[in-house]
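Visitor: pasting the sequence and the predicted model now:
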Amino acid sequence: MNTKQKIGLYGGSFDPVHLGHLLVAQAACEEAGLERLFFIPAAQSPFKPGTVPTPASERLRLLRLALAGKNHYEIDEQEIKRGGISYSIDTVRDYAKRFPGAELFYLIGADHVPSLPKWREAEELARLAEFIAIPRPGQMEAAFVPPFRGRTLKGFPLGVSASEIRARVKAGLVIDHLVAPAVAEAIHNYHLYL
């Protein structure tokens, strides 16, 4: 019997966290049998170098509201605390040290799978973690090239993005049913994304 702990690492800007993120987390836990899943907000995404994210304190506030009461989800602030560009290898190495013997699963957008061999220290990244690709609605299953191992999530593809939510807020449109009620209330109360 395999008794290795299965841990999911879910990085991203979470700017803001939305129901698509939560559905992906649920599907990953169910399909990969994850016991714990860490939401790891990036300080600065290497994929969006020209974009300045909303301040980390605000993104963390929204994450805490969205994940309140969900015991198998945790927030890890290490990339924010490290600052600068957030590279996956630094985070995965940290988890390999903190949880020796655990199986690590790294969640990524399916659109990033073809570029994995170009990621920083790709060989070590491939050795330390298995990948879970998150498809967008209508997107083909991701093909992982060796040495990368991975699977594509089957459940809950939701055609919603954080950039659409920010645009809706700026335009004065409703975001109910796209984000958790507490997140919508905080975005309104703190005048975020205007």
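Guide: Arrived safely.
Visitor: ok, Pro16 touching Ser161?
Guide: No - using C-beta atoms under 8 Å, Pro16 is not in contact with Ser161; the gap is 10.7 Å. Where you see a C-beta, it was placed from the backbone N, CA and C, and this is true even at glycine.
Visitor: the top helix by length along the chain packs against which elements?
Guide: Longest helix in the chain by number of residues (criterion: DSSP state H): helix 19-32. Applying 3 or more C-beta pairs under 8 Å, 6 or more residues apart in numbering; DSSP states H and E, one finds that helix 19-32 contacts strand 6-12, strand 36-41, strand 103-109, strand 130-134.
Visitor: between Pro16 and Ser161, who's got more neighbours?
Guide: Pro16 (28 against 13; other C-beta atoms under 10 Å).
Visitor: sec struct for the more buried one, please.
Guide: coil (DSSP: H, G, I helix; E, B strand; the rest coil).
Visitor: got the contact list for it?
Guide: Taking C-beta atoms under 8 Å, 6 or more residues apart in numbering, we find Pro16 in contact with Thr54, Arg59, Leu62, Ala162, Ile165, Arg166, Val179, Val183, Ile187, Leu192, Tyr193.
Visitor: to Gln78, which of the helices and strands packed on helix 19-32 lies closest?
Guide: strand 36-41 (6.9 Å; C-beta to C-beta).
Visitor: quick one on the thing from earlier: so which of the helices and strands packed on helix 19-32 comes closest to Val24?
Guide: strand 130-134 (5.2 Å).
Visitor: picking that back up, any residues in contact with both of Pro16 and Ser161?
Guide: Counting by C-beta under 8 Å, 6+ apart, nothing touches both Pro16 and Ser161.
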